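**Q** just the structure for this:
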Amino acid sequence: MHPNQTHLPLSDGQLWLPALDLSGCVVAALSRRAEAAHLKSDADFYNHYPASPYCTLSWWIEGQGQWCDVGGERASAHGRRTLPRITFNGPQRGPVTTWCTPPFHGVMLNFRPEALRHLTGMDAGSWLDKWGDAREALPPSWQGFLQAMLEAPDDFTRMIHIEQFVGTQWRAVQTRSIQRRERIHDWCEDLARRAALSGKGRSARQFERRFKRWLGLPHRELFAMGRAERAFFEALDQDGSPEDLDWSDVAIAAGYADQCHMIRQARRISGFTPAVLFKRVKSDPSFWTYRLWGIGG
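**A** Now for the predicted structure:
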């Protein structure tokens with residue numbers, strides 16, 4: 001796992017990208033560490049995430065994680081549920097928000113669901129919009145790895161554990177590697193090609209069934225996430241303030257019918273309008289994951 005060395009003072013976040021031979025399995029690892037003195041208010045201890053097609057393992061090294069029942073801009077008005085010390089969650093069709101008791105230190109590891117199925121036999125579809133204790137969800141052969149990640153002295157050692165454990169297992173079943181960092185849209189197109197060409201049946205219904213079995217999500221859901229991600233990067237590439245951006249141009253470049261279409265999809269995927277999301281990504285500590293993806297992308 002290779003660290004992205006860009007410093008993020010608002011979040012103390014770190015992005016770790018997989019080595020080439022692990023890229024078909026692991027999307028990335030992320031970590032965040034914060035003390036109460038580093039952040040200004042209770043709201044800064046939230047963590048905002050967009051809807052995601054990936055499966056995720058999360059370790060709460062220090063502090064306690066809590067899952068907000070509603071993600072996005074309404075998260076603070078709803079209840080929170082305590083998360084297991086090591087949490088597994090499947091693909092999420094809507095925005096997710098968590099909150100951490102300070103001081104905290106957490107590590108996340110994102111898997112491609114079709115790769116995790118090869119490694120563990122887990123069906124991403126059965127975990128759609130769900131989370132649970134990773135020690136109960138994953139097979140016995142993974143228990144030592146889960147505990148070693150929790151007990152490691154630092155994040156660098158944790159990345160070595162990922163390389164050694166996940167890397168060894170993946171090389172034994174590896175179907176492909178990825179030559180560059182692949183965004184959701186590219187991944188969706190590649191999966192669609194493979195789903196269309198695999199198996200005996202090639203009708204539209206069989207294609208959708210095969211695609212959903214692999215990922216737990218229908219093709220249209222993944223495509224929508226990919227288009228929202230493309231709009232996010234289009235806005236970042238323009239490198240202006242939310243007031244200066246031409247959001248209609250962003251919408252067209254990302255493949256939306258119009259700006260209203262993009263706004264509706266952005267609310268569904270992230271819980272925020274594009275302008276509000278872009279502004280908060282620039283300045284709000286709780287949007288640290290968006291900044292890391294923007295820098296790493």
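**Q** where does pLDDT dip in the stretch 101-250 of the chain?
**A** Regions of the stretch 101-250 of the chain meeting the criterion pLDDT under 70 cover residues 175-216, 239-240.
**Q** which parts of it are helices?
**A** Assigned by DSSP state H, counting those that start in this stretch, the helices in the stretch 101-250 of the chain fall at 113-120, 134-137, 143-151, 155-173, 184-197, 204-215, 219-238, 247-254.
**Q** tell me the centre residue of the protein?
**A** Nearest to the geometric centre of the chain sits Ser52, at 5.4 Å (C-alpha atoms, centre = their mean).
**Q** returning to that earlier point: how about the helices of the stretch 101-250 of the chain, which one is nearest Trp99?
**A** The minimum distance between Trp99 and those falls on helix 134-137, with 19.3 Å, by C-beta to C-beta. Glycine gets a C-beta too; all of them are placed from N, C-alpha and C.
**Q** what packs against the closest one?
**A** Contacts defined by 3 or more C-beta pairs under 8 Å, 6 or more residues apart in numbering; DSSP states H and E place helix 134-137 against strand 86-89, helix 143-151.
**Q** including distance to Gln64 and mean neighbour count, could the ones you listed go into TSV?
**A** As requested, the helices and strands packed on helix 134-137 are arranged in TSV below (distance: least, C-beta to C-beta, whole Å; neighbours: other C-beta atoms under 10 Å):
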stretch	distance to Gln64	mean neighbour count
strand 86-89	11	22
helix 143-151	14	15
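**Q** so which of these gets nearest Leu292?
**A** Between the helices and strands packed on helix 134-137, strand 86-89 lies closest to Leu292; by C-beta to C-beta that is 18.4 Å.
**Q** okay, that closest one in PDB with CA atoms only?
**A** The C-alpha coordinates for strand 86-89 follow below in PDB (Å, rounded to 0.1, in the frame of the first residue of the first chain):
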ATOM      1  CA  ILE A  86     -14.300  -3.800  13.800                       C
ATOM      2  CA  THR A  87     -17.100  -3.100  11.400                       C
ATOM      3  CA  PHE A  88     -18.000  -4.600   8.000                       C
ATOM      4  CA  ASN A  89     -20.500  -2.900   5.700                       C
END
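**Q** what lines up beside the next helix or strand after that strand in the sheet?
**A** Downstream of strand 86-89, the first helix or strand assigned by DSSP states H and E is strand 96-100. Here strand 96-100 has these sheet partners by DSSP bridges: strand 46-49 (antiparallel), strand 65-68 (antiparallel).
**Q** now mean pLDDT and distance to Phe233 too, for those strands, in a markdown table please.
**A** Shown next, in a markdown table, are the strands paired with strand 96-100 (pLDDT from 0 to 100; distance: least, C-beta to C-beta, whole Å):
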| stretch | mean pLDDT | distance to Phe233 |
| --- | --- | --- |
| strand 46-49 | 93 | 16 |
| strand 65-68 | 94 | 26 |
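**Q** just say which of those is most tucked in.
**A** strand 46-49 (a mean of 23; mean count of other C-beta atoms under 10 Å).
**Q** got the contact list for that strand?
**A** Strand 46-49 is contacted from outside by 32, 68, 71-72, 75-76, 92, 95-100, 106, 270-271, 280, 286-290, using C-beta atoms under 8 Å, 6 or more residues apart in numbering.
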